[in-house]
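Peer 1: Here you go, sequence then predicted model.
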Amino acid sequence: MLTLILTFFTLLQPHALASTADSAIFASEDAQVCPGVRLPVKDPIPGETLPDDGSVWRVGTNRWNQDWETQYANFIVNNVGQDFLERFQIPADCTDLVMIVRAVFSRIHSLPFVLNDNTQYLRFDSMQFRNTPTISRWSETTWENDLKKDLRFTLFLNQIKSLIGSVNLPESSYPKRIHSLNNSSELSPNILPGTVFQYPEHTSLLARLEPDAPYFPLTELASTAGVVIRELEVYSTPMIRNAARDRGVVGFRWPVNCGKNFVLAPEKSMPDYSEEQYTMDLRGLSLGAYLESIVPGKRRGPDANLVQIKLAEIKSMIVRRLNLISQSNDILAKNKNAFKNHASNLYAQYSTNDLDVAIFNQFNDLEKRINGFTSAMTYYTGSLLTKYQIDLGTGKSIPYETFRDALYRQYSATGNKIDSPQIVGADPNDSVERRWGLK
């Protein structure tokens, strides 16, 4: 009889909690951050067991912690590659990408997700889309299908994409510790895949961290300007050059319930908060190269294989640039005013400004790796840059070296424009010759 009563009571609990909002459920993690928070709930209430109450998803007492950050890193390694946006048909610019990946993981595991757009909090428990169909319970085995079909979640993603960009994302992030507390010459173990690289006007993800890699232990994954479905860019070395307040190597602040509503934990309460990256000696390296240099493990010196890997990356980016130029010319042939509005999404999609900076950085990184190593390696690299050709589609080809030199004349060592007007045209209205620095 007692067993029947307990079973009946257990079955009733989810229904009893249906009218209890997540903002009225507190967890121990809340009490650690929020002064005065009382814990009316003694036992864990997994969000995935709660019924739909009209919010985007439920969380119960689930909260972010370092164990979840480790699982998030594993999720990115196993599920987020160049085709992520294409697989799920999600249009996204660079900042959208890092938010979408974080939101998807949060949704799968019923974890809180909150962003601050500098005027308001955008929360997982918003009731704004309550009348839109949802899939109440996502799981690790069904999430790909769930992501494609959950209309309520899609509307929430569209909202955060429209309100959060590289300018206000720092409102939801914090600077991460770079060096290990146990070994000041090694990378912090909390720098994991999922760590965000916040540039001026650009954002990307650390996608892989492989201490046993022979050349490149860190891999960066990025979208770019224009909210479109695209293949993502992959860089074998993070391209971030330096850090300053509101940019650098950052993480997402964890959402906590301090009473009434979820907010973001103060940045200094995050366990690996540190401002060391703003003042540390990079030994003459870019920040990305410095991070690579302190990853534990032994690397090979520059050799022919390294050069081939870097040039393959550059080739992939040049091919993408060729395709963008060809497509923009096709659009102009049908409508000469298609790119007249420089603030339009279409213009951003076909402008190669961000891509040009990235290609310059790749050439620059390759040069720094081989510079002063051996004259034979310098000669070998130079011969390939002369040998490899870019077919402009006009009956003319130019060697990689010519394009590299044009980029070098246009950009300084920090990736900022130093010439005006542009030598290498990024504007989709420019002629093919100007796009490649020939006019």
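Peer 2: Yep, that arrived. What you see is a predicted model; the values in this text were computed from it and never measured. Numbers count the residues shown, from 1 in each chain.

Peer 1: Can you show me the strands along the stretch 1-150 of the chain?
Peer 2: For the stretch 1-150 of the chain, applying DSSP state E, counting those that start in this stretch gives strands covering 114-116, 121-123.

Peer 1: most tightly surrounded among those?
Peer 2: Sort the strands of the stretch 1-150 of the chain by mean neighbour count, taking mean count of other C-beta atoms under 10 Å, and strand 114-116 sits at the top with a mean of 22. Every residue, glycine included, has its C-beta placed from N, CA and C.

Peer 1: Listing partners with orientation, what would you give for that strand?
Peer 2: strand 121-123 (antiparallel) (DSSP bridges).

Peer 1: any chance of the strands of the stretch 1-150 of the chain in JSON lines, plus distance to Gly47?
Peer 2: Formatted as JSON lines, the strands of the stretch 1-150 of the chain follow (distance: least, C-beta to C-beta, whole Å):
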{"stretch": "strand 114-116", "distance to Gly47": "14"}
{"stretch": "strand 121-123", "distance to Gly47": "13"}
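
Peer 1: for the ones you listed, which one sits closest to Ala376?
Peer 2: Among the strands of the stretch 1-150 of the chain, the nearest to Ala376 by C-beta to C-beta is strand 114-116 (51.4 Å).

Peer 1: Need the residues that contact the closest one.
Peer 2: With C-beta atoms under 8 Å, 6 or more residues apart in numbering as the contact definition, strand 114-116 has outside contacts at 99, 121-124, 160, 164, 168-169, 171-172, 255, 262-264.

Peer 1: same thing but 7 Å
Peer 2: Here strand 114-116 makes contact (C-beta atoms under 7 Å, 6 or more residues apart in numbering) with 99, 121-124, 160, 164, 171-172, 255, 262-264.

Peer 1: Likewise for stretch 198-213?
Peer 2: 76-77, 80, 94-95, 97-98, 101, 166, 169-170, 173, 192-197, 217-222, 238, 240, 247-248, 250, 295-297, 354.

Peer 1: Show me how to select, in ChimeraX, the buried members of these.
Peer 2: Remark: buried members of the contacts of stretch 198-213, expressed as a ChimeraX selection using 16 or more other C-beta atoms under 10 Å:
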select :76,77,80,94,95,97,98,101,166,169,170,173,192,193,194,195,196,197,217,218,219,220,221,222,238,240,247,248,250,295,354
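
Peer 1: What about the contacts of stretch 198-213, which are in strands?
Peer 2: Ser173, Val196, Phe197, Leu218, Thr219, Glu220, Leu221, Ala222, Gly248, Val250 (DSSP state E).

Peer 1: which of the residues you listed lies closest to Tyr347?
Peer 2: Nearest to Tyr347 among those, with distances taken as C-beta to C-beta, is Ala222, at 19.5 Å.

Peer 1: Export the contacts of strand 114-116 to JSON lines and append columns for distance to Leu332.
Peer 2: Output for the contacts of strand 114-116, formatted as JSON lines (distance: C-beta to C-beta, whole Å):
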{"residue": "Met99", "distance to Leu332": "33"}
{"residue": "Tyr121", "distance to Leu332": "43"}
{"residue": "Leu122", "distance to Leu332": "38"}
{"residue": "Arg123", "distance to Leu332": "43"}
{"residue": "Phe124", "distance to Leu332": "43"}
{"residue": "Ile160", "distance to Leu332": "33"}
{"residue": "Ile164", "distance to Leu332": "32"}
{"residue": "Glu171", "distance to Leu332": "39"}
{"residue": "Ser172", "distance to Leu332": "39"}
{"residue": "Pro255", "distance to Leu332": "46"}
{"residue": "Phe262", "distance to Leu332": "48"}
{"residue": "Val263", "distance to Leu332": "48"}
{"residue": "Leu264", "distance to Leu332": "45"}
